[in-house]
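Asker: Generate a structure from the sequence data that follows.
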Amino acid sequence: MVKLNVDAGILTGVGVGLGMVCRSNGGRVEWGLSILQAQMLEPHMAEAVAILEGLKEARRKGQDKLVVESDCLQVIDALRNHKHGRSLFHLVLDDILNLCSLFSLVVWSYTSRKNNTVAHALAHTLANEFGRVEWSDNLPPTANSAVLFDLSLMK
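Answerer: This next block holds a predicted model:
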């Protein structure tokens with residue numbers, strides 16, 4: 001089982017930054033991903049897209065059992081309750097839930113923003129270049145600082 005933390009950041013005048021970090025039970029970083037998209041989204045929609053992108057990457061990496069953690073209670077509650085509707089937000093939720101059928105276990109977890117600092121840092125890493133950047137061993141400096149802070153809290 002691994003933990004996938006996700007976050008989205010609205011970068012005014014630029015677009016939406018998405019950050020994901022996947023860690024082992026012991027807190028070791030398995031991989032991190034930053035995506036900067038030019039489109040502007042509402043915060044809850046951006047958080048849902050971050051979850052979708054994180055799940056896609058976890059699937060590509062062959063992970064099968066996940067705890068998905070976000071600091072957006074609205075999205076976590078909607079996923080826990082399998083909310084359905086016709087809005088674009090609900091269509092993204094449907095995509096997430098359909099993708100979950102490819103994993104043997106996905107657990108939804110809400111966390112406070114202070115416990116989601118690594119994903120938050122990754123969501124704000126690509127403030128000037130659109131696209132995606134993946135890290136496997138070394139995250140960018142701001143995210144590495146957040147990892148060290150998180151590890152100190154675990155002790």
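Asker: so for the helix or strand containing Ala121, what's the average pLDDT?
Answerer: Assigned by DSSP states H and E, Ala121 falls within helix 117-123. Helix 117-123 shows a mean pLDDT of 89.
Asker: Against which helices or strands is that helix packed?
Answerer: strand 2-11, strand 15-23, strand 29-37, helix 141-154 (3 or more Cβ pairs under 8 Å, 6 or more residues apart in numbering; DSSP states H and E). In this view, the C-beta of every residue, glycine as well, is placed from N, C-alpha and C.
Asker: now do 10 Å
Answerer: Under the contact criterion of 3 or more Cβ pairs under 10 Å, 6 or more residues apart in numbering; DSSP states H and E, helix 117-123 touches strand 2-11, strand 15-23, strand 29-37, helix 43-60, helix 141-154.
Asker: list the buried ones in stretch 129-145?
Answerer: Neighbour-count burial for stretch 129-145, counted by 16 or more other Cβ atoms under 10 Å, picks out Trp135, Leu139, Pro140, Ala143, Asn144.
Asker: What are the phi and psi values at the first one?
Answerer: Its backbone dihedrals place Trp135 at phi -120, psi 140, with angles given as degrees, to the nearest 10.
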